[in-house]
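Student: Based on what follows, work out the 3D shape:
(one chain, ligands or ions: 1)
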Amino acid sequence: MKIGRVSHQGRVRMVVVDEASSRVAFIGGSLSNHPNPVQAVIERRITASELDALKEGEASFSEVGFLAPISVPVRNIFAVGKNYTEHAAEFDKSGFNATSSGAAAVPAFPQIFTKATTSLAGPTDDIRFDPAHTASVDYEGEIGVVIGAECRNVAPADALGKVFGFIALNDVTARDLQKNHAQWFLGKSLDTFCPLGPWISTADESPVESLEVRTWVNGELRQTGVLTDLIFDVPTLIATLSRAMTLLPGDIIATGTPVGVGIGQTPPKFLQDGDLVRVAVSGLGELNNRVRTR
Ligand code: MG
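Tutor: Got it, this is the predicted structure:
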């Protein structure tokens, strides 16, 4: 199933998405006024047939505005750096990697950081920044994993069983802040720097091998990547994280971006006021976020 949140006639509604017909079904009952209904579905393991019983009316995509599916993540969004081989090389060549110091481009261990929950933005919200604060804002189209069950010390062979589903995500990054502060948290966490959505598709409907991410800026295709090309695959990421800490339902792991980010262009192309960034993932819909510096 595909689930999300929309605004419709002045109300925020949880929906089940039918991508083929470009329609949504509104979910009522006990979830109709829940502040974070998609998170509740994940935590309570509410099934597709249980949601079917709560459907009350429907609308076309053109009649609603998609919002971030999870309104408030349970904690910081996990993310992985340098997880596609060609992107690892372009990042180290760019001069923006404060920690590279001549080390091999492909890391020996997953490079994990987080983005603040307050960086969350919806699938059509503006990406905003002050050009006096950062002059090198970049896109990173990615596929996000949504954890479905509390888990600890998960073996790689069991890891996909802990996945609720997948989501399209843009790990927007201020390259100068990422470099100057060494730790990536600030440069990755500006308000609006984590557009995601428009819906979460469950793992049974969107298996790992079906997922391809593509990114365009102003209609120009910049990135193409398939999830099966990750250096550290989804089971390895879940095993690594859960070795250190308990994973919680609703946790999001941004799996890394493929080659083709702005710093990889010659010369580098950073996002400018008015640019339109589009990130599309097969079966997961697309993000269309306008860049605004005012
Ligand atoms: Mg990234």
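
Student: Tell me the residues on the stretch 101-250 of the chain that lie near the ion, please.
Tutor: Counting by C-beta under 5 Å from the ion, the positions of the stretch 101-250 of the chain adjacent to the ion are 140, 171. For the C-beta atoms, the positions are set from N, CA and C on the backbone; glycine is no exception.

Student: closest point of the stretch 101-250 of the chain to the ion, which residue?
Tutor: residue 171 (3.4 Å; C-beta to the ion).

Student: State the number of residues packed around the nearest residue to that residue once chain neighbours are set aside.
Tutor: Nearest residue to residue 171 in three dimensions, chain neighbours excluded: residue 140, at 3.9 Å (C-beta to C-beta, 6 or more residues apart in numbering). For residue 140, the neighbour count with other C-beta atoms under 10 Å is 25.

Student: one step back: tell me the spacing between the residue of the stretch 101-250 of the chain closest to the ion and residue 36.
Tutor: 22 Å (C-beta to C-beta, to the nearest Å).

Student: now do residue 113
Tutor: Distance from residue 113 to residue 36, by C-beta to C-beta: 24 Å.

Student: quick one, phi psi at the residue nearest to residue 171?
Tutor: Main-chain dihedrals, residue 140, degrees, to the nearest 10: phi -140, psi 90.

Student: pretty sure it contacts residue 172?
Tutor: Yes. Counting by C-beta atoms under 8 Å, residue 140 does reach residue 172; the two are 7.0 Å apart.

Student: Count the neighbours of residue 276 for me.
Tutor: Look at residue 276: counted by other C-beta under 10 Å, it has 14 neighbours.

Student: Surely it is in contact with residue 287?
Tutor: No. The criterion here is C-beta under 8 Å, and residue 276 misses it with residue 287 at 10.4 Å.

Student: Residue ranges in this structure under the pLDDT threshold?
Tutor: 100-104 (pLDDT under 70).

Student: the longest helix in this protein is where?
Tutor: helix 234-244 (DSSP state H).

Student: Need the CA coordinates for that one. PDB is fine.
Tutor: What follows is helix 234-244, C-alpha atoms only, in PDB (Å, rounded to 0.1, in the frame of the first residue of the first chain):
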ATOM      1  CA  VAL A 234      19.900  -1.700   3.000                       C
ATOM      2  CA  PRO A 235      20.400  -4.800   5.200                       C
ATOM      3  CA  THR A 236      24.000  -3.700   6.000                       C
ATOM      4  CA  LEU A 237      22.800  -0.200   7.000                       C
ATOM      5  CA  ILE A 238      20.000  -1.600   9.300                       C
ATOM      6  CA  ALA A 239      22.500  -4.100  10.800                       C
ATOM      7  CA  THR A 240      25.100  -1.300  11.400                       C
ATOM      8  CA  LEU A 241      22.600   1.100  13.000                       C
ATOM      9  CA  SER A 242      20.900  -1.500  15.100                       C
ATOM     10  CA  ARG A 243      24.100  -2.800  16.400                       C
ATOM     11  CA  ALA A 244      24.600   0.600  18.100                       C
END
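
Student: give the contact list for the closest residue to residue 138 other than its chain neighbours.
Tutor: Spatially, and ignoring its direct neighbours in sequence, residue 138 is nearest to residue 262 (4.2 Å; C-beta to C-beta, 6+ apart). The contact partners of residue 262, by C-beta atoms under 8 Å, 6 or more residues apart in numbering, come to 136, 138-139, 175, 217, 222, 268-271.

Student: So between residue 171 and residue 36, which is more surrounded?
Tutor: Between residue 171 and residue 36, counting by other C-beta under 10 Å, residue 171 is the more crowded of the two (29 against 19).
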